[in-house]
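>>> Predicted coordinates and the sequence they were generated for:
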Amino acid sequence: MDKLALDCGIKNVVIFLGFQENVGSLLIQANVFVLPSFSEGSSVSLAEALINGLPSIVTDGGGAGEILGNSQSGILINPLNPTSIFDAINHFLNLSKMEKVEMGQRAKLEAHRFSVEAYLVNLLAIYKN
């Protein structure tokens, strides 16, 4: 990855941190969360990004779209089309400060579906029925 970053001329603006146990401190520094997987199940990393109020760019395959829900806090892209990733990132770069804040707020609201409290409410509802 370091060589690729060097070859692409972005080595001075990209840092590869390797495995991280606590990503919360990194997520709060980010402007957008990008998950360009070919296949993704129920993504914990996407849920963590939403909890931290990050607008997201995720692939339209697997469970990522379901996690975003109807929140309008992210963009679904085609993982086989690199241009769609580029266009989505550029879209976020061109958003106003207010638009970014609003997307982040919608992300946090959507993330509530994955909280312990929401899980318990849903679980109790199953047992009551």
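Yep, that arrived.

>>> just the strands in this structure please.
33-35, 56-59, 74-77 (DSSP state E).

>>> who does the second one touch, helix- and strand-wise?
If contacts are counted by 3 or more CB pairs under 8 Å, 6 or more residues apart in numbering; DSSP states H and E, strand 56-59 sits against strand 33-35, helix 44-51, helix 64-68, strand 74-77, helix 82-93. Quick note: C-beta positions are derived from backbone N, CA and C, even for glycine.

>>> Kindly report the same for the last one.
Packed against strand 74-77, as judged by 3+ CB pairs under 8 Å, 6+ apart, are the following elements: strand 56-59, helix 64-68, helix 82-93.

>>> what does the helix or strand of the chain with the lowest mean pLDDT contact?
Ranking every helix and strand in the chain by mean pLDDT, DSSP states H and E puts helix 64-68 at the bottom, with a mean of 76. Helix 64-68 is contacted from outside by 35, 37, 40, 42-43, 46-47, 50, 56, 58, 74, 76, 110, 114, using CB atoms under 8 Å, 6 or more residues apart in numbering.

>>> Now that residue 38 has come up, it's in contact with residue 59, right?
Yes. Residue 38 lies in contact with residue 59 (CB atoms under 8 Å); the separation is 7.0 Å.
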